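1. could you look at this predicted model? Sequence included:
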There are 2 protein chains.
Amino acid sequence: MADRKEGFMDQAAIILVDPQLGENIGAAARVMGNFGLSDLRLVAPRDGWPNPAADTMSAGAIPEGVVRVTVFDTLEAAIADLDYLLATTARPRGMEKPVFDASEGIAALKREGSKPGVLFGAERFGLPNEAVVLADAILTYPVNPGFASLNLGMAVGVFAHAWAADKGVPEAFSGVDEPAPREDLVGMFEHLEDELERAGYFFPPEKKGVMTQNIRNAFTRGRWTSQEVRTFRGVLKALTLGRGKARIRREP
Amino acid sequence: MADRKEGFMDQAAIILVDPQLGENIGAAARVMGNFGLSDLRLVAPRDGWPNPAADTMSAGAIPEGVVRVTVFDTLEAAIADLDYLLATTARPRGMEKPVFDASEGIAALKREGSKPGVLFGAERFGLPNEAVVLADAILTYPVNPGFASLNLGMAVGVFAHAWAADKGVPEAFSGVDEPAPREDLVGMFEHLEDELERAGYFFPPEKKGVMTQNIRNAFTRGRWTSQEVRTFRGVLKALTLGRGKARIRREP
């Protein structure tokens, strides 16, 4: 069972029912590829198949086979092998069916289906009731009621991202450095405060404590790495070089 | 403070830096309107402004003012009034900065910013490093490393949905009925089992217990409403009407 569960991540089918514009089919394919979904099913696409506009908008996802497109004459054929289905809709259908937002819907797909799928309706009208009725549950997004109509590709994109969302931040971003140990930071503070002292910055002298505290606090909040601490000490040296010479002349 | 927090829901600015295609600007505006975001800022759009392709693709969001578009010559001017910024990027920049996925990033925007914003780069190259460096943190999506390049409008759409995701299922879907009380369900079972008994379905008779149990179990799982129970009892009546007559003839 464990490897079957693993496989879920790439196994949700996206079914576009009566899609009209090739551009939207292509956009859906592209964003499926972006988020690791590869099974795109078209029921009776208006302009036939293949569709050059779909190929172009897919940015390679369709012609390069990142996403596999299968065309069916009927919805029944397109969903024949699937065992758990969500129907996306922006408007209630007066049907007795669980209604999920994206995160609930995806949890249900991963939990209930060994071969799940999601139905998306045509640009103008959405899914027909005959399609919604064949789904186990409804998936809907928290849209602005005054401006509720999502582009079809966008509706697929929102789903595709939500499907992959539990993967979190990609591995490639994991190389960032840790914040410096406090020792490095304190060394930098002492360097800075020493130079400020020599520059006559702490005035009146009885304020030195609180002035130091405020500066240390501001710099601590940045959570600098050891490299950034070294960089700033270089900055300090550069800034104080001329000043140092001036001071040497002023205080012989 | 409470009303300020409330206002957050509509207050994240979306900043497109050097966007190229009007179609993408329009798609971004449309999906912002879908999810209740209204502050769209363009830094030096390649084709100038206004842009008819953007108006068309926005499906009314731009011409009808669902989304307010402001154009700036420089990034610095576009972000001048903002106090917390995320930079979206698909590739690591070797910069020491927190890296968030969508849900972490949005939590940070809502927590850290009283006027937050999100930067999106141009179609071909993404954000320049000079822009990323001005952001508090990086926002990245869990993309397929082999097919990582999101359409610009889609990148905004994924963010916009995630921003609204804590709203859950819209109010309009809340009118669904509760499952029937068990009394209604048991009445229906007795009706069904009575008819099956008369039809000679329970054979051999010692299996009746387990056969009944299996049927009751299957029907219980559907969580029918009282209306659906009544409908099925009507179905039962219709199905048994002819059969009842036949039985009367067979058992005088």
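-> Ah, there it is. Residues are numbered from 1 along each chain as shown, chains lettered A, B, ... in the order given.

2. where does chain A have its least confident helix or strand?
-> Ranked by mean pLDDT, DSSP states H and E, the weakest helix or strand in chain A is helix A:2-7, scoring a mean of 35.

3. quick check: residues of the stretch 101-250 of chain A near chain B?
-> Residues of the stretch 101-250 of chain A lying near chain B by C-beta under 8 Å from any C-beta of the partner chain: A:101-104, A:138, A:140-151, A:153-154, A:157-158, A:161-162, A:164-165, A:167-170, A:172-173, A:175-177, A:224-225, A:227-228. All C-beta atoms are positioned from the backbone trio N, CA, C, and that covers glycine.

4. out of these, which are buried?
-> Buried members of these, counted by 16 or more other C-beta atoms under 10 Å in any protein chain shown: A:101-103, A:138, A:140-144, A:147, A:149-151, A:153-154, A:157-158, A:161-162, A:164-165, A:167-170, A:173, A:224-225, A:228.

5. in helices, which of those residues fall?
-> Secondary structure from DSSP state H places A:A102, A:S103, A:G153, A:M154, A:G157, A:V158, A:H161, A:A162, A:A164, A:E228 of those in helices.

6. distance to A:F35 and pLDDT added to these, as JSON lines?
-> Output for these, formatted as JSON lines (distance: C-beta to C-beta, whole Å; pLDDT from 0 to 100):
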{"residue": "A:A102", "distance to A:F35": "12", "pLDDT": "96"}
{"residue": "A:S103", "distance to A:F35": "15", "pLDDT": "95"}
{"residue": "A:G153", "distance to A:F35": "13", "pLDDT": "98"}
{"residue": "A:M154", "distance to A:F35": "13", "pLDDT": "98"}
{"residue": "A:G157", "distance to A:F35": "8", "pLDDT": "98"}
{"residue": "A:V158", "distance to A:F35": "10", "pLDDT": "98"}
{"residue": "A:H161", "distance to A:F35": "6", "pLDDT": "97"}
{"residue": "A:A162", "distance to A:F35": "9", "pLDDT": "96"}
{"residue": "A:A164", "distance to A:F35": "4", "pLDDT": "95"}
{"residue": "A:E228", "distance to A:F35": "34", "pLDDT": "92"}
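
7. I'd like these as TSV, with distance to A:I14 appended.
-> Formatted as TSV, those follow (distance: C-beta to C-beta, whole Å):
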residue	distance to A:I14
A:A102	14
A:S103	18
A:G153	11
A:M154	13
A:G157	11
A:V158	12
A:H161	13
A:A162	13
A:A164	13
A:E228	45
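
8. for the residues you listed, work out which two are farthest apart.
-> Farthest-apart pair in these is A:G153 and A:E228; separation 41.7 Å (C-beta to C-beta).

9. keeping just the C-alphas, turn stretch A:51-64 into CSV.
-> Extracted C-alpha coordinates of stretch A:51-64, given in CSV (Å, rounded to 0.1, in the frame of the first residue of the first chain):
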residue,chain,number,x,y,z
ASN,A,51,-4.9,22.1,-31.5
PRO,A,52,-2.0,24.4,-32.4
ALA,A,53,-3.1,27.2,-30.0
ALA,A,54,-3.0,24.6,-27.2
ASP,A,55,0.5,23.4,-28.2
THR,A,56,1.8,27.0,-28.2
MET,A,57,0.2,28.1,-24.9
SER,A,58,1.5,24.9,-23.2
ALA,A,59,5.1,26.2,-23.5
GLY,A,60,6.2,22.7,-24.5
ALA,A,61,4.1,20.7,-22.0
ILE,A,62,2.0,19.1,-24.8
PRO,A,63,4.5,18.7,-27.7
GLU,A,64,7.2,17.5,-25.4
